[in-house]
Every structure is written in structure tokens, then in C-alpha cells.
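K.L.:
Mind looking at a prediction? Sequence and model below.
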Amino acid sequence: MNIAGIIPLEQKAEYLRTLPAIRERCSRVHDLAKQGKLEYFDYHPEKEADVAAYCIEIMKIKPHGRWRHLDAGVERVLPGIAKWRVEDDSLDSWEVIKRSIDLFIVSVLLDAGAGNQWSYHDKSSGLKFSRSEGLGVASIHMFEHGFFSSHPDQPFRVDAAGLAKITVQRVAEAMQVNDANPMVGLEGRTSLLTGLSNALKASPIFFGEEGRPGNMIDFLESESKLDSNGTRVVPLSAIWYTLIEGLNPIWPSRIQLAGKSLGDVWPCTVLSTPSQSEGDNLVAFHKLTSWLTYSIVEVLQKVAKWKIDGLEDLTGLPEYRNGGLLVDLGVLTLKSGLLPIDPKSGLPKVPPSHPAIVEWRALTVIELDRIANTIRTKLGLTAEQLTLAQVLEGATWKGGREIAKQKRPETNGPPIEIESDGTVF
């Protein structure tokens, strides 16, 4: 029996904002795929072995997180922390953690797809980056120059007052956007940052009276405990709760249930039935919140030296690199004639709200679990030895990018184009 289907709407709304809801709702769509009952995709499980084999060939074992993008080309995060300590010998470890969380929060919120034409020139290294790496490098330079801070003498921080001063023009200038270097979703990206200002001020329990993302470490400490070795252990659920609740106001209000804005949750047409209860056709993804969680987990592990309990609840990210890998290697095939074709690229192109994208994302979440298990079996490794975060970073996300380069070298884009506004992907 599906408990989520009989509880009151208020509780159902809360359930749809939890991590377990992502796998549970996506599993419903995947079960229909196995029965050949999807509207837009056909499912070919025999091709999963091909995806696993492709991924094994290109794997590099590092965890999935924003850290990789901030260190694109050259290391920046740890050298930056070392520089803070040199410049201020009174800097304590707690402030280092807060600064690191500040940086990663804004960097992830800037990480939605930038499009095929935009790039960022890193003057310090002389290198040019596009997509996630370009956004990551741009964001760390913005952080270093006090772009998000209201304190001129304290540039290495993010606070509500500093975020409130951000404009589309300032973001465009900082990210080198112009007519010759256009960025998709610039307004939506800016809106997330200014919305973050309001969210920080609205939740002092998480972010303190000054409205600073890094202050969440104080709340997380109150939710943690010391193990027998004296290492602090915090439950993943506390990190998730902080992000899903504290940052909820920043997401566009698309779907509401019992008056609660659900964020990255969408109706799925194949789950709709005449007798269903309200909300039973909704599928939870929470991609950017999950991406934030993966990234903050790595900060807590590497900078704070904490342990995280419950990491197995994290899911794969339902975005176009992971999903594109499944389409490009034939696990999922789009049924012909159902989606509009972009005349310029010759590829299907629809907004993220389209039911085909909802199907695609739901299937991606479950397939990432299946592909990870296949890779572990082939390599003789356990889930502890090869985590889902490592599979995402070194195999599926990287694999989606590599196969896109091979199949669409002119754009390196996904096999299904999404009209991004900078707030979902």
C-alpha cells in the first residue's frame, strides 16, 4: 500500500520534499517503462550493460560535487583556504568552514545550464572554460572579489545584504556576458541569487540574524553528535532539511500542494488515473537541492572533517548529462513524432515542464541506480567502495558529456534540448 497516497495533503506536500520521495515517485514511472506504458519513451534494459561498459572505460574515481568545477584546470579551493589563513593568522577553523559553505552555495545556484555559446576566460590561468566549469571558475572569482558580500573589508563571504544588491547587469559583467558571448538563463540565475537574500533573512534558525549561508554549520552542529573516536557525525537528513526548508523561497512557485510550494516537483501524465488522490501524479526531483547537498557534504567531509550518516538516501541527479547518456546509448529511445523539432539544431526541444522531460528525468534517477550497480558488479566493488557520488562524477555525468561530444561535436549538447530558464538545470 502506498502510504503517501492516503495521508492528508499537508503531509503529502512535506513528503514530496523529502529525499525518499524522489526514488519512490521515479520508481513508479520506471515500473511503467518496464511495461511499455510510457507516453514518450521506450525502455531497453538490455542496453544498460553498454552504458556500464562505456562508463568503466572513462572512469576517474572522485565524488560528485561542485569542488571539481571550482578546481577546473588548476586547484583553487584548497589554495584559496590556505591564502585566507596566510592573510589572517587569527582566522579560526569555524570561519573557514563558513566561508567554504558560503562559496559552494552561491556557486551551485549559479550552475544551471549556460547554453552552448557562452564561455569564461580565466585571466589568472589563461584558460577558457564553458558550461559548469566556466560557471564554477567565474563564481569563485566573484566570491574572491566580494561580489556577494556587504562588507568591503570582508570579501570572502556571502550575506543577505550583499545578495540584495545583485542585478542582472552586474552578473552579466562578472560572467563576461555580452552579445558575442550570450548566456542562457541569465535573468533566472540572477533571480535565484536575489531570492537567496530573502530566504536567508527569513530563516535565522539556519542562517543566523545576518543571513549568511555558512551559518548553517551552527544549526548542523546542534543536530550532530560525536562518535567513539571524537569525530562529529551529522545526519544527511539534517543537511537536506536545512537546504530544502531554508532555501525553499528561492525556487519559482510552480506546483503547490496544501498551500506549500514544492519546488522541483512536476506532474507526470502516465501516473494520472481517474481515481487518484490529489498529488499522486507528482514526481519529485529536487535536482539543484541534491546538487547542493552533494557539494556541502564534500565541504563538511574535507574542510570540517565531519562524517555524514545516511548518504545512501542521495539519488542520482536527473539532468541532461546523465539522461543524455541513456538516450545516446539506447537505453531510452524517444518515440517518433511526439516532440517539436528545433529547426536550427534538428533536435527535439521543449521546456522542462513538458511531460516528456518529466518522464526522462524520472527514468534517469532509477537508471543511475541500476547502472551504478552494474558497474560495481563488473568491478567487484561494494556500494561503500564505489559510491553513487563517485559513479556520477567519474562515469555517468562524464560519460554523458563525452558521448555528446562524439555525437554532436558542433554543440556538445544533449540529444534532447531543454528551454532552460536557469532555475532547474
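P.N.:
Ah, there it is.

K.L.:
How much space separates residue 418 from residue 98?
P.N.:
According to Cβ to Cβ, to the nearest Å, residue 418 and residue 98 sit 34 Å apart. For glycine as for every other residue, the C-beta is placed from the backbone atoms N, C-alpha and C.

K.L.:
cool, residue 290 as well?
P.N.:
Noted for residue 290: a distance of 22 Å to residue 98, by Cβ to Cβ.

K.L.:
likewise residue 57?
P.N.:
Taken as Cβ to Cβ, the span from residue 57 to residue 98 is 40 Å.

K.L.:
Those two: who's more crowded?
P.N.:
Taking neighbours as other Cβ atoms under 10 Å, residue 57 and residue 98 compare with residue 98 leading, 23 against 10.

K.L.:
Leaving out sequence neighbours, find the closest residue to residue 250.
P.N.:
In space, residue 250 comes closest to residue 195 once its chain neighbours are excluded; the distance is 3.7 Å by Cβ to Cβ, 6 or more residues apart in numbering.

K.L.:
Now that neighbour: which helix or strand?
P.N.:
For residue 195, the host element (DSSP states H and E) is helix 186-202.

K.L.:
Tell me the first helix or strand C-terminal of that helix.
P.N.:
helix 204-207.

K.L.:
Would you mind measuring from the residue most central in space within the chain to residue 69?
P.N.:
Most central in the chain under Cα atoms, centre = their mean is residue 291, positioned 2.8 Å from the mean C-alpha point. Counting by Cβ to Cβ, the gap from residue 291 to residue 69 is 11 Å.

K.L.:
okay, and the common contacts of the two?
P.N.:
Taking Cβ atoms under 8 Å, 6 or more residues apart in numbering as the contact rule, residue 291 and residue 69 both touch residue 111.

K.L.:
Where do the helices of the stretch 51-200 of the chain begin and end?
P.N.:
Ranges of helices in the stretch 51-200 of the chain, per DSSP state H, counting those that start in this stretch, are 67-70, 77-87, 93-109, 131-144, 160-164, 168-174, 186-202.

K.L.:
right, and the residue nearest to residue 250 touches residue 248 too?
P.N.:
No - if you go by Cβ atoms under 8 Å, residue 195 and residue 248 don't touch, sitting 10.1 Å apart.

K.L.:
Can you give me every residue that contacts the nearest residue to residue 329 once chain neighbours are set aside?
P.N.:
Using Cβ to Cβ, 6+ apart and skipping the chain neighbours, the partner closest in space to residue 329 is residue 51 (5.0 Å). Going by Cβ under 8 Å, 6+ apart, residue 51 touches 325, 326, 329, 331, 371, 374, 396, 399.

K.L.:
again, 6 Å this time
P.N.:
329, 331, 371 (Cβ atoms under 6 Å, 6 or more residues apart in numbering).

K.L.:
Turn those residues into a markdown table, columns for pLDDT and distance to residue 203.
P.N.:
What follows is those, written out as a markdown table (pLDDT from 0 to 100; distance: Cβ to Cβ, whole Å):
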| residue | pLDDT | distance to residue 203 |
| --- | --- | --- |
| 329 | 96 | 42 |
| 331 | 97 | 40 |
| 371 | 95 | 36 |
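
K.L.:
So which of those residues wins on neighbours?
P.N.:
Neighbour counts for the contacts of residue 51 (other Cβ under 10 Å) peak at residue 371, which has 28 neighbours.
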